[in-house]
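[1] Need the 3D shape of this:
(one chain, ligands or ions: 1)
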Amino acid sequence: MDAVIMSGSELAKSMRQEIEAEVQEFITKHGFAPSVAVVRAGEDPASVSYSNALKKAFGARGLGFTLHTLPESASQDEIVELVAKLNAESSVHGIMVQEPLPKGIDESIVKDALSPDKDVDGVHPVNTGRLAQAAPVGRPPMVGPFFVPATPAGGMEILKQYKVSLQGKHAVVVGRSTIVGKPMSLLLLRENASVSMCHSQTEDLPGLCRTADILCAAVGRANMIKGDWIKPGAVVIDFGVNFVEDKMTGDVDFEEAVKVAGMITPVPGGTGPMTNIMLMKNVIEAANRQVRSN
Ligand code: NDP
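    Model (predicted):
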């Protein structure tokens, strides 16, 4: 029997209604909408199309959105100054700096410049550090509030909504980037999964994947994970966004995997639609925290 398809598109559709209600409630209470400022330096085509998509998605839910562009020639100081200005602006509740930044810009300095309270992308060291330090769910967290990057947060929301039990299960995450693989591993660990984080130097990756009850792919290589890498009945979360002859495809060979897995996210229509939803939730959370602290 084919795997259950975990539809991020369907889930996102129902969560959009929740978000609209939360935004309306916030506006009624405070007289303004939670708002995000997006910073883009240069005209990378994927970044341009992502900021356009964000503008549309945020606008449609009643959230505020402003785009701040700098030329490809922008210096590190100019980018940091813009971030500092947005940190200080009370009408801006969340800030996102789009990548890639122009050549020669030190991304870590730009991330450090963000106010952790407005870092809705969860990339500031305070947010990544608190996620790493946070105790397992159900125990006192022992850290202050933090933001989780939207893509892995979306993957976790799919697992939650599809009632996938993580307690004591073996989760294998392929990919260790700071924006997807690493936070996903930490989130699974917090939910009491036993986690193996894999990468380009992992030995016998197919063998390790075959031991996974929950297999997450965040690699950026089309169809890399084959059907015979998957344990029968495993739950597969595919974060990959790749294009093969203009067709969007994940990191998992879906046609093969769907015959072996117990549950699987499709690409498109899986983790992708959830990313914007979780980002919106972070912006609303940031705005709520800021009004509470004023
Ligand atoms: P990165 O390029 O930053 O990281 C890729 C990771 O994959 C690295 O840890 C790398 O290992 C590992 N890797 C590369 N090749 C192999 C291999 N042959 N075997 C095992 N591991 C390998 O990518 P991102 O984390 O930013 O993105 C991952 C995927 O997720 C991409 O397809 C991206 O488009 C997609 N994505 C999807 C989003 C969504 O909304 N669904 C949002 C963001 C990203 P090493 O560390 O050793 O180099």
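
[2] The residue in the stretch 1-150 of the chain positioned nearest to the ligand: neighbouring residues, count only.
    Distances from the stretch 1-150 of the chain to the ligand, computed as C-beta to the nearest ligand atom, single out residue 150 as the nearest residue at 7.4 Å. Where C-beta positions appear, they are placed from N, C-alpha and C, glycine not excepted. As a burial measure, residue 150 scores 26 neighbours (other C-beta atoms under 10 Å).

[3] List the contacts of it.
    120, 121, 122, 274, 275, 276, 277, 278, 279, 282 (C-beta atoms under 8 Å, 6 or more residues apart in numbering).

[4] Out of the residues you listed, which sit inside strands?
    Assignment to strands by DSSP state E places none of the contacts of residue 150 there.

[5] ranking the residues you listed by neighbours, who comes first?
    When the contacts of residue 150 are compared by neighbour count (other C-beta under 10 Å), residue 120 ends up highest, at 29 neighbours.

[6] Flag every residue of the chain that's near the ligand.
    Applying the criterion C-beta under 6 Å from any ligand atom, the portion of the chain that neighbours the ligand consists of 151, 174-177, 179-181, 198-202, 205, 218-221, 239-242, 271-272, 275.

[7] Buried only: go through those for me.
    Judged by neighbour count, with 16 or more other C-beta atoms under 10 Å as the criterion, the buried members of the residues of the chain next to the ligand are 151, 174-177, 179-181, 198, 205, 218-219, 239-242, 271-272, 275.

[8] Narrow these to those in helices?
    Counted as lying in helices by DSSP state H, out of those, are 151, 181, 205, 271, 272, 275.

[9] May I ask which two of these are separated the most?
    Put simply, by C-beta to C-beta the two of those set farthest apart are 205 and 275, 25.1 Å from each other.

[10] Show me the shaky parts of the stretch 151-294 of the chain.
    The stretch 151-294 of the chain contains no residues with pLDDT under 70.

[11] one step back: let me know the closest of the contacts of residue 150 to the ligand.
    residue 275 (3.5 Å).

[12] So the closest one sits against residue 154, correct?
    Yes: at 5.1 Å, residue 275 counts as touching residue 154 under the criterion of C-beta atoms under 8 Å.

[13] can you map out the strands along this structure?
    When assigned using DSSP E, the strands of the chain occupy the ranges 4-5, 35-41, 64-70, 94-97, 170-174, 194-198, 214-217, 235-238, 242-244, 247-249, 263-264.

[14] can you count the residues close to residue 294?
    Counted with other C-beta under 10 Å, the neighbours of residue 294 add up to 6.
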